[in-house]
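Undergrad: Predicted model and sequence follow; I will ask about them next.
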Amino acid sequence: MLPAYLLSEELQAEWLDLESAVEIAASRLVTATGNFSIEKKYYISSLKASSDEFNQVVRSHWVIENNLHLSLDVQFKEDQSRKRANLAAANFGVILRFALSMLKNYPERISVKRKRNKNVMSDQYREDVMGI
């Protein structure tokens, strides 16, 4: 059941285009440990859609998120970063996303890892990737 605050008149008055309040239960099994968990997530939306359509919208959002974070972790080892002071981690994250975007958008059909290595070894290649 949805929490009462998602259905309250106060919320509906604040969100004039509110059409839907959605609860999605996500199950997860960690095969290495055998741990199983169910997590409920709540969404409000101006979209009027079926439960299947909402599920597809939420899943497609997380596919994009997971792919970006996986790329950042694999290519730039973002999860191993020790940056903690003030906004250093957030600022560096913006730089990494910018760099990853430039590398992925560069038309040469090689891996991001190889593009990174070529950037380190060649000033000309780096300028080409940056469009300078």
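TA: Now that the structure is in, tell me what you want to look at.
Undergrad: what packs against the strand or helix carrying S37?
TA: Applying DSSP states H and E as the criterion places S37 in strand 35-45. Secondary-structure packing of strand 35-45 (3 or more CB pairs under 8 Å, 6 or more residues apart in numbering; DSSP states H and E): strand 20-30, helix 51-76. Glycine gets a C-beta too; all of them are placed from N, C-alpha and C.
Undergrad: I figured A25 hits I38, correct?
TA: Yes. Between A25 and I38 there is a contact at 5.7 Å, judged by CB atoms under 8 Å.
Undergrad: Give the ranges of residues in this protein that sit below the confidence cut-off.
TA: Residues of the chain meeting the criterion pLDDT under 70: 1-7, 12.
Undergrad: Next one: the residue nearest to the spatial centre of it from S81, what distance?
TA: Central residue of the chain (CA atoms, centre = their mean): E65, 2.1 Å from the mean position. As judged by CB to CB, to the nearest Å, E65 and S81 stand 18 Å apart.
Undergrad: and I132, how far is that from M102?
TA: 11 Å.
Undergrad: And V22, by the same measure?
TA: Counting by CB to CB, the gap from V22 to M102 is 36 Å.
Undergrad: quick one, which of the two is more surrounded?
TA: Between V22 and M102, counted using other CB atoms under 10 Å, V22 has the larger neighbour count: 18 against 15.
Undergrad: Count the neighbours of the nearest residue to the more buried one once chain neighbours are set aside for me.
TA: In space, and not counting its chain neighbours, V22 is closest to Y43: 4.6 Å by CB to CB, 6 or more residues apart in numbering. Neighbours of Y43 under the rule other CB under 10 Å: 15.
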